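Visitor: Provide a 3D model corresponding to the input given below.
(chains A and B)
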Amino acid sequence: MKKPAKDLLFHAKATSNKENPTLLRVVLGAQTTRLDFGYCAPFYYDKGGWITISPQTYLQLKGDTKQYALLDATGISQAPAKLNFESTKDYQFFSLFFEALPQTNLVFDMIEKRDGTPNDFNYYDIELKLADGVEVLG
Amino acid sequence: MLTQCQIKRVLLSAWWGLREKNYPMPINKNAYQRYVVIDSLLRNKMRPYPTLEQIVAACWERLEIETKPNTIAKDIERMRRLPPVGFDAPIHYDRYHRGYTYTDPDFRIGNLDLTDEDIASIRESLALVQSIGAGRIDEKFGHAMQKVLATVAEAYEQPGQNAAPYLQTMSAPPSRGFAHFELFSQACRAQIPLSFVHYSYRKRTFSAVFLHPFLIKEFDNKWYLFGYSEKHGGVRHFGFDRIYSPQLLKRPFLKFDTTATFETLAHSYGVFPIPGKKKQRVTLKVSSLITHYFEAYPLHESQLMKKNPDGSATLIFEIVPTIEFARLILWHGYHIEQIQPKWLAAFTQELIS
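Guide: Purely as a prediction, here's the structure:
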């Protein structure tokens, strides 16, 4: 079936398994799928530490083996580069762009590193119901 | 002759009319002057159907600008285009007469019958806007004015070249989030809901917000977007600097009563009312030195001043107390001696404790 040429925006549920970075929004676009995150530098790293995202990060639908690759990232460096903070009060909004997921009701994971540590940006069971999506203008 | 009110309307409509996302590149002064020449030739009943070559000759004669037929052909194409790029001019090439003409004999680019005085007023306003400068507002305003002034063949200098050099106002560096001004104004004007990510400095949290915006407000060079927040179930305002990735949405715009917001703002100094505090009488006793300033620069339209023989004064306001008002009291230090109500004095002290 032909994919509708519109972008659908979802506000992420607050019950995400990972709180920092917080998954804020998902845009199921016709060309890409975008995930928006907000990150607050923690107190326990010197000067707030740093963040980076692996270029190998991907999305995967539940019950499917297909991987949807990371295409671009804004507001965050891609490894091996790092975005260094200057203080423990710094914060960062960033977006990750992946190959487009199908525009259907779906549950998916974002995996930076399979079987990784809590430091890796892995998000599981992100559920989107098309009825909750709002069409983005322009 | 246009009244001041009419001029203001012209300026505003020109400004707002051009506030679209895909804003065209500015047209240079020479191009506008050529448009005026072309327009006058096409309206000349004595010598109808001018050719490209005749228009080139007229440009040289009137503007002392060397032009090529190719340039004039492009000018005509641009004049034919819809506003804001062109003038939607009904220009037709008549093969029989081998020249150009307006298919609508009443058409002309612009219908403003501006006098020298009108033009002077517009130029003065333009210089003022350029001097005040508010990011891209003055840039767009200037572009709109090019069109207005072009209709009367008035040369218009590019922004920056002719701003009033005798006038200097506080010009703040570009601030974060101001780049979204156009999108926010479009959303308010056309009543389009928004989604954006908001970061709270105080809570240190991010959140996604659906907002039905209706007002952009500036206070002390900080910009705020007001609207009905679905998340909060009421009217909220958000600093531009804390808004990320705003998106216009195709969904119904919620209608809600904005009266209370406008009333509160009208009775406030600032945009952050102290929680739980309604409009009330606030009294300050101020030193003789600071009295001069409050006399010269009233803080709010409700301000009443009772002067004492020693030059000090009692100031009375009927306002909604705000964080900004409390900060202003602090800023004046010992020059403000007493504050009523007492809770406001305590609140102000808490800000520095």
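Visitor: Doesn't residue A:89 lie inside a strand?
Guide: No. Checked against DSSP: H, G, I helix; E, B strand; the rest coil, residue A:89 lies outside a strand; its state is coil.
Visitor: Quick check: the gap between it and chain B.
Guide: Using CB to the nearest CB, to the nearest Å, residue A:89 is found at 7 Å from chain B. C-betas here are computed from N, CA, C, even on glycine.
Visitor: can you check residue A:24 too?
Guide: To chain B, residue A:24 is 5 Å away according to CB to the nearest CB.
Visitor: Surely that residue and residue A:36 touch.
Guide: Yes. Counting by CB atoms under 8 Å, residue A:24 does reach residue A:36; the two are 4.6 Å apart.
Visitor: shared neighbours of those two, anything?
Guide: B:197, B:208 (CB atoms under 8 Å, 6 or more residues apart in numbering or on different chains).
Visitor: Run through chain A and note the low-pLDDT ranges.
Guide: Applying pLDDT under 70 to chain A flags the ranges A:1-4, A:14-17.
Visitor: mind listing what whichever residue of it sits closest to chain B touches?
Guide: Closest approach between chain A and chain B, counting by CB to the nearest CB: residue A:38, at 2.7 Å. Shown in contact with residue A:38 (CB under 8 Å, 6+ apart): A:21-22, A:24, A:91-93, B:197, B:199, B:205-206, B:244.
Visitor: Buried subset of those as a PyMOL selection?
Guide: The buried residues among these can be selected in PyMOL (16 or more other CB atoms under 10 Å in any protein chain shown) with this line:
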select buried, (chain A and resi 21+22+24+91+92+93) or (chain B and resi 197+199+206+244)
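Visitor: and the contacts of residue A:38, which of them are in strands?
Guide: A:22, A:24, A:91-93, B:197, B:199, B:205-206, B:244 (DSSP state E).
Visitor: Just give me the closest of those residues to residue B:232.
Guide: For these, the residue nearest residue B:232 by CB to CB is residue B:205; the value is 13.8 Å.
Visitor: Helices of the chain, start to end?
Guide: Because you didn't say which chain, this covers chain A. Applying DSSP state H to chain A gives no helices.
Visitor: that's the other chain; I wanted chain B
Guide: Going by DSSP H, chain B shows helices at B:4-17, B:29-42, B:52-63, B:69-80, B:116-132, B:136-150, B:181-190, B:259-266, B:288-296, B:323-331, B:342-352.
Visitor: JSON lines for these, including distance to chain A?
Guide: Compiled in JSON lines, the helices of chain B are given as follows (distance: least, CB to the nearest CB, whole Å):
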{"stretch": "helix B:4-17", "distance to chain A": "19"}
{"stretch": "helix B:29-42", "distance to chain A": "29"}
{"stretch": "helix B:52-63", "distance to chain A": "39"}
{"stretch": "helix B:69-80", "distance to chain A": "25"}
{"stretch": "helix B:116-132", "distance to chain A": "28"}
{"stretch": "helix B:136-150", "distance to chain A": "18"}
{"stretch": "helix B:181-190", "distance to chain A": "9"}
{"stretch": "helix B:259-266", "distance to chain A": "24"}
{"stretch": "helix B:288-296", "distance to chain A": "35"}
{"stretch": "helix B:323-331", "distance to chain A": "20"}
{"stretch": "helix B:342-352", "distance to chain A": "20"}
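Visitor: JSON lines for the ones in strands among the contacts of residue A:38, including distance to residue A:107?
Guide: Below are those laid out as JSON lines (distance: CB to CB, whole Å):
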{"residue": "A:22", "distance to residue A:107": "19"}
{"residue": "A:24", "distance to residue A:107": "18"}
{"residue": "A:91", "distance to residue A:107": "29"}
{"residue": "A:92", "distance to residue A:107": "27"}
{"residue": "A:93", "distance to residue A:107": "25"}
{"residue": "B:197", "distance to residue A:107": "23"}
{"residue": "B:199", "distance to residue A:107": "28"}
{"residue": "B:205", "distance to residue A:107": "25"}
{"residue": "B:206", "distance to residue A:107": "23"}
{"residue": "B:244", "distance to residue A:107": "26"}
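Visitor: and stretch A:116-130 with chain B, contact?
Guide: No. Stretch A:116-130 is not in contact with chain B by CB under 8 Å from any CB of the partner chain; minimum separation 13.7 Å.
Visitor: Now do the contacts for residue B:206.
Guide: A:22, A:24, A:38, A:40, A:91, A:93, B:197-200.
Visitor: Now with 6 Å, please.
Guide: A:22, A:24, A:38, B:197, B:199 (CB atoms under 6 Å, 6 or more residues apart in numbering or on different chains).
Visitor: Show me the beta-bridge partners of the last one.
Guide: This points to residue B:199. residue B:206 (DSSP bridges).
Visitor: what residues are up against it?
Guide: A:91, B:206, B:242.
Visitor: Chain A against chain B: which residues are in contact?
Guide: A:9, A:11, A:22, A:24-25, A:36, A:38, A:40, A:91, A:93, A:134-137 (CB under 6 Å from any CB of the partner chain).
Visitor: ok, now with 7 Å
Guide: Contact residues, chain A versus chain B (CB under 7 Å from any CB of the partner chain): A:9, A:11-12, A:22, A:24-25, A:36, A:38, A:40, A:91, A:93, A:95, A:134-138.
Visitor: and the stretch 101-250 of chain B, which residues reach chain A?
Guide: Residues of the stretch 101-250 of chain B lying near chain A (CB under 7 Å from any CB): B:192, B:195, B:197, B:199, B:204, B:206, B:208, B:244-245, B:247-250.
Visitor: give me that answer again for 8 Å
Guide: B:192, B:195, B:197, B:199, B:204-208, B:210, B:244-245, B:247-250.
Visitor: Residue ranges in the stretch 151-300 of chain B under the pLDDT threshold?
Guide: Residues of the stretch 151-300 of chain B meeting the criterion pLDDT under 70: B:151-164, B:167, B:169-171.
Visitor: go with 50
Guide: Flagging of the stretch 151-300 of chain B using pLDDT under 50 yields the residue ranges B:159.
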